[in-house]
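Chemist: have a look at this fold, sequence not included:
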């Protein structure tokens, strides 16, 4: 089994047996809250009463929105109660070309997938001028400072949390932006977070204690490219591939 198959299989097994995040996991709690607030703000800005929104890798998270939301996930456990749901992977989406106004893909979903196939699929199903809200974990992270992995285009990284082993593809931010451009998507805004918290964690403070420093990210904003662990890109479809 190659590394792509291993990562895909591990992700499926983990999310088929997903347990609630423990209260002690401050890092992921702050991550979830940061992503949720940002996505909510973007949907308020971009969605309308006629919007068709794809929540790709939903995990059961719903957002206030205008229009219709379709929940997509690799398992049905978390989305089967929603009236509009699809069981599928983000790199093979059973929807028609130019059928979606907004795609949400957050929670590091793309870090478990083939990013090129996934971005190609997102571009295919987005309508012209459609919006992609994409969050991912970065190789540019301060986690890898003074390490040869820092800024690498792509590499697998293993983490252990919530009594599970997670293997993620870590992506260079410019690599993702360039790949989006290849598939007719142009980045119109970037939002990086876990900047101060990642630096604090890098110098030896536990994730749980470092997580709360996310509220001080603004202090290190000029240095966020080389430190932030997470990034959300807002992109627009400007052409067909």
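Modeler: Here it is on my side, so go on. All figures in this text were calculated on a predicted structure; none of them were measured in a lab.

Chemist: chain center to whichever helix or strand residue 199 is part of, what's the gap?
Modeler: Using DSSP states H and E, residue 199 sits in helix 196-202. Centre-to-centre, helix 196-202 and its host chain are 20 Å apart (CA atoms, centre = their mean, to the nearest Å).

Chemist: show me the helices in the chain, by range?
Modeler: Counting by DSSP state H, the chain has helices at residues 3-16, 26-46, 115-125, 173-182, 196-202, 207-210.

Chemist: please identify the deepest-packed of those helices.
Modeler: Across these, averaging neighbours per residue (mean count of other CB atoms under 10 Å) puts helix 196-202 on top, at a mean of 24. In short, each C-beta sits where N, CA and C put it, glycine included.

Chemist: which helices and strands sit right next to it?
Modeler: helix 207-210 (3 or more CB pairs under 8 Å, 6 or more residues apart in numbering; DSSP states H and E).

Chemist: list of residues touching the helix holding residue 199?
Modeler: Around helix 196-202, the neighbours that count as contacts under CB atoms under 8 Å, 6 or more residues apart in numbering are 27, 30, 141-143, 145, 207, 209-214, 216-217, 219-220, 227-229.

Chemist: now the strand ranked longest in the chain: mean pLDDT?
Modeler: Longest strand of the chain, by residue count under DSSP state E: strand 126-137. Per-residue pLDDT values across strand 126-137 average out to 98.

Chemist: what comes into contact with it?
Modeler: With CB under 8 Å, 6+ apart as the criterion, strand 126-137 contacts 35, 39, 42, 46, 98-108, 110-111, 115, 122, 168, 170-171, 176, 180, 185, 229-238, 240.

Chemist: each with direction, which strands does it pair with?
Modeler: strand 100-105 (parallel), strand 230-237 (antiparallel) (DSSP bridges).

Chemist: how far off helix 115-125 does it point, in degrees?
Modeler: Angle, strand 126-137 to helix 115-125, by axes from the mean of the first three to the mean of the last three CA atoms, to 10 degrees: 150 degrees.
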